[in-house]
Every structure is written in structure tokens, then in C-alpha cells.
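Asker: Mind looking at a prediction? Sequence and model below.
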Amino acid sequence: MNQRKRELIPSFSRPASRVMIRKVARYEEDLLAAIYESIREFQLPVKGKTILLKPNLVGLDPQGVMNTHPAVIAATRESFLKLGATRVMIGDGPAMDRDTQAILESVRLKEFTGRLGKDFCDLNIDDVERVPLETRATRLKELFLPKTVLGVDFLVSMPKLKTHHWAGVTLSLKNMFGIVPGSCYGWPKNVLHWAGIDRSILDINAAARPDFAIVDGIMGMDGNGPIQGSPRAAGVLLFGDDPVAVDSTACRVMGLLPEKVDYLGRAGTMLGHLEVSKIQQLGEGIEAVRTPFAVLPEFARLVA
Amino acid sequence: MNALEMPDQSDRTYLTTPPWPESLSFLKTLQNADGGWGFHAGEPSRVEPTSWAARALMDHAGEIDTNDFRKAAEYLHSAQLPDGSWPACGEMKTGSWITSLTCAALAPDPQSAQCVRLGLRWLCDDLPRDSSPFRRFLQSLRPKSEIVSQNTTYAGWGWTPNTASWVEPTAFALMALHDVPQQYLPANASQRRDVAIALLYDRMCPGGGWNCGNPRVYGVDGDALVLPTCWALLALRGSERAAQKKSTPEKPGRALSLAWLQKEFAKIESAASLAVARMTLENYGIQPPPAERDLRDWTALELAEQGTHVLAWACMAVNSARRWPLVAAKSAEGGVQ
């Protein structure tokens, strides 16, 4: 059942990763064209496949600052369908509020995607499967994870570009906290905090590594993220076939040092590429879009 | 697979008052052969949706004696772990917050008495790790300004064992301790209840209401959320009634939170929050104010797609004769009775 189970490949034997940066100033732009053209360049094996988009839906957000913007989610879904995917589902398991429907209403997702019906999966209450944690970055021996996540052909992590008051940054790897079901672990998923946030991120991503990542950085959040921070417009979308490479590039865009982010430094040894030399940069250069993000004093060490 | 096996219903069965029993009938059609319910039709049975569905069935007069309820109770008996707790899913070997919910759901059933007693014993012995003396010592070494400001000497309940106290599991435990026959309670229940009430007030948001349990993070006030606020208010309503018998003065935070919920009610857009908020206000003898949405906006099928628990909450909410949470007589002031 667990089709997401992949052999862990040490970073030194992985081919170079690809990350694309695309300037998009506003959500009102032609996002479908921008996202479709960007994804197409990666020539992803998605034809005839079932895809799950995992956005970051963290809370009630009428202003569109803390959650992945619904316009980005809808355009991505449309793009994968245009590229031949049989089915593109959207799913998340919000961490702080079990009323997922209230969050969906607050972001007006349906206005952008149309009625999703069974194509939306509340990962908090999905049927679950026991997944042994082979990486053992934490002391947790197993996690119960949603069968929908484990069963799809292609998993896309779609975070918001944000700083995080406990992890430093929250991007495509941290976004995967949302696949851990609240129905098993609560709201918040406190067992992960006790196991260590940084190490839990590694265990979760090793158990269900995203195949692709798209970061919504058109409007991000800095300071006391992921909920109470300040809006920070970066005007970018990032795409990539390696979540570690995407997150490290996103850090550089934010003016932060990825190797200083605890979980990213570790992820760079087992889940993907951290070093610039191992990342094939497509689209805009980092310097052209760099937008310094403020961090809490506890994370001053991250600032480049 | 989530909601993929949902029966195809061309006719739309709306929740109405009356005839709400159609929605309850729909809930019954989702019951699995083993007596339990999954979170969605066709999924394996889980303890939480089964407990909510059992409560909704029980609300219907006489349902406790029906075959549907008996099968549900038997499923819940079979899912109980040897230590008395209930797990969140079938393969889990450790108990969880759901033990509170299940104890309360089974409490009116005389045939479940032993299961409930065992569950309550586990519950009252389950102490969160954050309030342990060692953890509190470690906490005392950290800078005062760090992250959150809350009193860690208060031990409530966590979502999972050996973690931290949170508002909702604490509220569900308090409700269980209040709702069960008092002779079922272990000796330490009263002490646990008093400390848990203190914890709920400590975790209240500054403007009233509750979120998961972080009223203030890095100096910024947290926003209250509807569901945690409702569960906390329902828990305090029952528990403080008992406390009032001991001449404990009522705390002003409850009225402040109730006022927050009344104000928020009009803006609620989801069926889950609408149903639970309605039950909460009615439990306090308050007529819910007009809202943007109405439970009748959703079909039973649409509610079931959001989860069996949501359909069960809606069934309970539209039933003014429900046993839990009781609909209180309207107070003259429209306020807390």
C-alpha cells in the first residue's frame, strides 16, 4: 500500500537537483500560465497518474497571508491536469484547528477550484496505515499516516514562504507535518514536538518524501510565523524536484543560511541537496529576487 | 481512501427540524458490520467516530436498547486496550484522549459499566509530562521571556500519553468525569478535576474563548477558535456546577468566553462549528443568534463527507430532546444560568 516508500539515497550519490524561481508579483496575474509553463519544463512523469497537492492550510486566514493561496493551489491543479494527470487531489491536515472546513471556507478555496467533493482529503481524518520509521531521527518507531498520502503516485508539497518561531523556517519539508493525522495525534500534533520538531521533519519526509515542491512566495510571512508573523511580499514562486534543494533555495531568497537551519542541514545529508553546486538553477537567479525576511532573535544565526 | 466509497445518493436528504430522524437514519446506514463507524463511509471502524455516532443514536429516545447501539457498544468494548484506554486507531497499542469521549458515550449503558470504570481509572492515572516536577525544573531554567506564558503546575490531559496538557483533551476528560455515574469515579478524580478547571482558565485567550491551548505566544495574544471554546465551555458548565456545590465562586472568564462565542456565532461558516456552537449556547440557555449559515444548508451526505463526527454533531444539534449536551431552559437575561 505504501507506494511512497522510497529507498533513502545519500546526497552524494544523487544527481543534481533542479529548482526554478519565477517572478510573480501578484495573485491576480495569469498564474495558470506561469505555473503550467514552469512545471512543464521539469518533464515530470505525471501522465495518467494520481497526484496529491499538499498545501499549507494552517488556520483561518481571510487575508491570505498564512496559508498557501487558493489561486496558486487551483492553478497548480489545473496545470497537472493539463499535463495529463488522471486525478489531482488536494489534501491537508491542519495542525491547530480540527475544523478543516472552516479553514477552507475562510480561504474561499471553492471559489478558485470549484466544488472538489472527494478530490479534497482532510488528512486529519483519513484512514491510516502504520509506517515504521527507518531513519529513526527521533525516538518514534512508527507513525500512522494517511492512506491517501501513501497511495498516490505523485506527491507535491506546496508550502507558503514563511519563517517559523520554533523551526526557523517552514517550507516544503516542514509543510509535511500536515500529513500527520490529528485523529491519531491531536491538534496540535504534540507528539512530534516532544520527539523534536527538527528530527520529526526528517522522519516524516523520509517516510513520505514529496516528489515535487512548489513554494508560494508571492506573499510570504516573516517574524513570528507561521501564524502570527507579518506579511512579507517576495513576489516569487519556486518549483523543484527535490524538497531539500527547494527549501535551501527558498532560504537564500529570504536572506537566510539554509545550512544553519537545523533540520535542513541534516536533510542535506539524507533527503536531498543543500549545496548550491548540486542545484541546477532555472529561471531567475537568487540575487534578482532576494528579499530579506525578519526572524525572531532566537534565529539571528540564520541571517546571511 | 478518504470518502471515496461514499454511497451515491441522488436524492438530497437535508437536515431539518423536524424531520431530523432522516439524517440519523443516514448515519445508521454508514455503520460497519462490526458495529463501528469509520470517519467516512466504507472505511474501517475507528473509536472516535463510533463514539460520536453512538452518542447521536443515544439522543434518540430508546436508541440505547436498539441493535444499532448495542453493536456500537460491542465494537467499543472490543477496541478497549487491556489497560482500560482506547486507541485512536486499530493498530495503535497506546491509549489516547478518545478514552474520555468513549467513557462518556458508554456511560448511560449499564452493560458497559466495567469498561467505563476501567477507562476512567486509566484516565485519572494519565498525567501529562509537561507538569512533572522534572519538566517544571527544566522549565524554570529557561529564560522567562521564552515562547509561552502559562502555569505548568496545572496538569490537565494531553492528546496522547506522556506529552503536554491541551485545552480540548482536558475539556473532554472533564466532561467524562462529570457525565459518568459518580460511583464509577476513582478516588483521585475530584482532585484531577479541580486542577483541570484551573488549567482551562489559565489557558483562556485574553479576549475570552480558547484555542488549542496557547493563549499567548512570543508576547502576542492568540486568537480563540470555535470548537475548543465550545468544548471548554461545556466542560466548565458541568464541572463548575459540581464545584459550586463546594461553594467555589464562579470565575468571570466563563461569561467572557460565552460572550465571545455569541458574537462569533453569526460568522461561523462550517457545519461542525455551527452544530457544536449551537449545542453549547443552548446548554447555557441561550438562543443562538442568526448566523450566515444554517445547518440545513448541508445535506446529510455533504456532512458525512466532512466526517462521521460532523454528521453526528449535526444530528445532535438539531435534536432539542438530546440527552447531551442538554438544552437548558432559556434564562430571563439570555445569559448564563
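Answerer: On my side now, so go ahead.

Asker: now stretch B:93-105: mean pLDDT?
Answerer: Averaged over stretch B:93-105, pLDDT sits at 97.

Asker: Pull that stretch out as CSV, backbone CA atoms only.
Answerer: The C-alpha coordinates for stretch B:93-105 follow below in CSV (Å, rounded to 0.1, in the frame of the first residue of the first chain):
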residue,chain,number,x,y,z
LYS,B,93,-1.1,0.0,21.2
THR,B,94,-1.4,3.0,23.4
GLY,B,95,-4.5,4.9,24.6
SER,B,96,-5.4,8.5,23.8
TRP,B,97,-7.8,11.4,24.6
ILE,B,98,-10.5,9.4,23.0
THR,B,99,-10.8,7.4,26.2
SER,B,100,-12.7,10.4,27.7
LEU,B,101,-15.1,10.5,24.8
THR,B,102,-15.8,6.8,24.8
CYS,B,103,-16.3,6.7,28.6
ALA,B,104,-18.9,9.4,28.3
ALA,B,105,-20.6,7.8,25.3
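
Asker: Next secondary structure element downstream of the strand or helix carrying A:Ala213?
Answerer: Assigned by DSSP states H and E, A:Ala213 falls within strand A:212-222. Scanning forward in sequence from strand A:212-222 by DSSP H and E, the next helix or strand is strand A:230-240.

Asker: on contacts alone, who are the packing partners of that next one?
Answerer: Applying 3 or more Cβ pairs under 8 Å, 6 or more residues apart in numbering or on different chains; DSSP states H and E, we find strand A:230-240 packed against strand A:17-23, helix A:31-41, strand A:160-164, strand A:212-222, helix A:243-253, helix A:286-289. No exception for glycine: its C-beta is placed from N, CA and C like everyone else's.

Asker: what is the mean pLDDT for the shortest one?
Answerer: Confidence over helix A:286-289, taken as the mean pLDDT, stands at 98.

Asker: can you pull the buried residues of that helix?
Answerer: A:Ile286, A:Val289 (16 or more other Cβ atoms under 10 Å in any protein chain shown).

Asker: hey, C-alpha coordinates of that helix in CSV?
Answerer: C-alpha atoms of helix A:286-289 as CSV (Å, rounded to 0.1, in the frame of the first residue of the first chain):
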residue,chain,number,x,y,z
ILE,A,286,18.6,34.1,-6.4
GLU,A,287,20.1,37.6,-6.3
ALA,A,288,17.5,39.0,-8.6
VAL,A,289,14.7,38.1,-6.2
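
Asker: For that helix, what is the distance to the chain centroid?
Answerer: Here the centre of helix A:286-289 is set off from its chain's centre by 21 Å, with Cα atoms, centre = their mean, to the nearest Å.

Asker: Next: stretch A:242-259.
Answerer: How far stretch A:242-259 lies from its chain's middle: 12 Å, per Cα atoms, centre = their mean.

Asker: With stretch A:235-247 instead?
Answerer: 9 Å.

Asker: swap in stretch A:102-117?
Answerer: Its chain's C-alpha centre and that of stretch A:102-117 lie 19 Å apart, by Cα atoms, centre = their mean.

Asker: same question, stretch B:273-290
Answerer: 15 Å.

Asker: In it, which residues are buried?
Answerer: Taking 16+ other Cβ under 10 Å as the criterion, stretch B:273-290 shows B:273-286, B:288 as buried.

Asker: Could you pull up the mean pLDDT of that stretch?
Answerer: Averaged across stretch B:273-290, pLDDT comes to 95.

Asker: Now for A:Asp241: which residues touch it?
Answerer: A:Asp241 makes contact with A:Ser17, A:Arg18, A:Phe42, A:Leu44, A:Asp211, A:Phe212 under the criterion Cβ atoms under 8 Å, 6 or more residues apart in numbering or on different chains.

Asker: So which bits of the stretch 1-150 of chain A are right by chain B?
Answerer: A:60, A:91, A:96-102, A:105-106, A:117-118, A:121-123, A:125-128, A:130, A:144, A:146-148 (Cβ under 8 Å from any Cβ of the partner chain).

Asker: Can you tell me which of these are buried?
Answerer: So, by 16+ other Cβ under 10 Å, the buried ones in those are A:60, A:91, A:96-102, A:105-106, A:121-123, A:125-128, A:144, A:146-148.

Asker: Looking at those, which are in strands?
Answerer: Secondary structure assignment by DSSP state E places A:Gly91, A:Cys121, A:Asp122, A:Val128, A:Phe144, A:Pro146 of these in strands.

Asker: List just the nearest of those residues to chain B.
Answerer: Chain B has its nearest neighbour among these in A:Cys121, at 4.3 Å by Cβ to the nearest Cβ.

Asker: So the closest one is in contact with A:Met89, correct?
Answerer: Yes: counting by Cβ atoms under 8 Å, A:Cys121 does reach A:Met89; the two are 5.8 Å apart.

Asker: which neighbours do these two share?
Answerer: Common neighbours of A:Cys121 and A:Met89 (Cβ under 8 Å, 6+ apart) are A:Leu52, A:Thr148.

Asker: Give me the nearest residue to residue 60, chain neighbours excluded.
Answerer: No chain was given, so I picked chain A. Nearest residue to A:Leu60 in three dimensions, chain neighbours excluded: A:Ser106, at 4.4 Å (Cβ to Cβ, 6 or more residues apart in numbering or on different chains).

Asker: ah, I was thinking of chain B
Answerer: Leaving aside its chain neighbours, B:His60 sits nearest to B:Leu24 (6.0 Å; criterion: Cβ to Cβ, 6+ apart).

Asker: ok, that neighbour - how many residues close by?
Answerer: 25 (other Cβ atoms under 10 Å in any protein chain shown).

Asker: again, but for B:Asp194
Answerer: 15.

Asker: check which helix or strand covers it.
Answerer: Using DSSP H and E, B:Asp194 sits within helix B:189-202.

Asker: What is that helix packed up against?
Answerer: helix B:113-125, helix B:167-179, helix B:226-245.

Asker: one more time with 7 Å, if that's ok
Answerer: The contact analysis (3 or more Cβ pairs under 7 Å, 6 or more residues apart in numbering or on different chains; DSSP states H and E) places helix B:189-202 against helix B:167-179, helix B:226-245.

Asker: Using CSV, lay out those together with mean pLDDT, distance to chain A and mean neighbour count.
Answerer: Converted to CSV, those look like this (pLDDT from 0 to 100; distance: least, Cβ to the nearest Cβ, whole Å; neighbours: other Cβ atoms under 10 Å in any protein chain shown):
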stretch, mean pLDDT, distance to chain A, mean neighbour count
helix B:167-179, 96, 7, 26
helix B:226-245, 85, 6, 22
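
Asker: Kindly reformat these as JSON lines containing distance to A:Ile51.
Answerer: Output for the helices and strands packed on helix B:189-202, formatted as JSON lines (distance: least, Cβ to Cβ, whole Å):
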{"stretch": "helix B:167-179", "distance to A:Ile51": "33"}
{"stretch": "helix B:226-245", "distance to A:Ile51": "31"}
